[in-house]
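Visitor: have a look at this prediction, sequence included:
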Amino acid sequence: MRHLLLGLALLVPLSACSDGALDDRAGDSPQVTITVYAAASLKDTFTEIGRQFEAEHDGVTVAFSFAGSSDLLAQIQQGAPADVFASADADTMDTAHAAGVLDGAAQDFASNTLEIATPPDNPADVATLRDLADRRVRTVVCAPQVPCGAAAVGVQKAARIAIPAVSEEQSVTDVLGKVISGEADAGLVYVTDVKAAGDRVAGIEIPESAGVVNTYPIAPVRRSAHAEDAQVFADFVVGRQGRAVLAAAGFGPP
């Protein structure tokens, strides 16, 4: 398992640019960078949302760290310099609230469900979730302590099967990576991950996932040095522009 603090080295800054800024910063005002810790399944959408946010808020740069939600929360609890936290499930955010690391209430902004991802040629001839109970099928899932893993447990219970996974990963992107590389015959990932992967994988719907929906919340972090900007970013994600980006990527409403 990767060291919890590994994500600190993965901050991805976006360049700030805007002529018609909504923010009142201008001229020689100091540049502000807000750091957003977000679930791995949000990487593509939040990167785009960050670009749009910067274009409308002169003087503000958004940096990201993407990883499994539980790993991100552990880093925040250990003092990582996060301004905003976005989780892939409500349980992790509830844990953050109970630990006192949030500044105010979280806002739900999207939802997601699981799908089976296979290599494009589907070498194991997977057709349904039940096929993954066959030990001859090399299946990869998320570890149960992370949101995508909890959802995987949920769909297995709903289908009354047990998947003998060959690997349990700390993020959904790690699961997807093993399918794309051919290390796995199948993986349980989010619908949005299958869509984002394009022709690198094939997707198989899971009827049982309709009853196992992950809701994504977002909230500013209490120790943020930029509390006002953090709240503005969270509101932007929940607002019209943020939800449009999320919907285009296949996320459902919260």
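Guide: Perfect, thanks for sending it.
Visitor: only C-alpha atoms from now on, for both contacts and neighbour counts.
Guide: Will do.
Visitor: could you give the average pLDDT over the helix or strand residue 91 falls within?
Guide: Using DSSP states H and E, residue 91 maps to helix 90-98. For helix 90-98, mean pLDDT rounds to 97.
Visitor: roughly how far out does the very next helix or strand once past that helix sit from the chain middle?
Guide: Counting by DSSP H and E, the next helix or strand C-terminal to helix 90-98 is strand 107-112. From the chain centre to the centre of strand 107-112 is a distance of 11 Å (CA atoms, centre = their mean, to the nearest Å).
Visitor: in its sheet, what does the helix or strand that strand 107-112 is followed by sit against?
Guide: Next along the chain after strand 107-112, taking DSSP H and E as the criterion, comes strand 114-118. Sheet pairing of strand 114-118 (DSSP bridges) gives strand 186-190 (antiparallel), strand 202-205 (antiparallel).
Visitor: mean neighbour count, the ones you listed: which tops it?
Guide: strand 186-190 (a mean of 30; mean count of other CA atoms under 10 Å).
Visitor: so what touches that one?
Guide: Contacting residues not belonging to strand 186-190 are listed as 41, 112-119, 126, 132, 137-142, 148, 152, 172, 175-176, 179 [CA atoms under 8 Å, 6 or more residues apart in numbering].
Visitor: can you tell me the element residue 148 falls in?
Guide: Going by DSSP H and E, residue 148 is part of helix 147-159.
Visitor: skip ahead from that helix and say which helix or strand is next.
Guide: Next along from helix 147-159, by DSSP H and E: strand 167-169.
Visitor: what helices and strands are in contact with that following strand?
Guide: strand 139-142 (3 or more CA pairs under 8 Å, 6 or more residues apart in numbering; DSSP states H and E).
Visitor: just the residues contacting the strand it packs on, thanks.
Guide: Against strand 139-142 from outside (CA under 8 Å, 6+ apart): 132, 148-150, 152, 163-172, 175, 178-179, 184-189.
Visitor: check the offset of that strand from the chain's centre.
Guide: 17 Å.
Visitor: same thing with stretch 47-62?
Guide: 19 Å.
Visitor: just the mean pLDDT for that stretch, thanks.
Guide: 97.
Visitor: excluding sequence neighbours, find me the nearest residue to residue 106.
Guide: residue 219 (4.5 Å; CA to CA, 6 or more residues apart in numbering).
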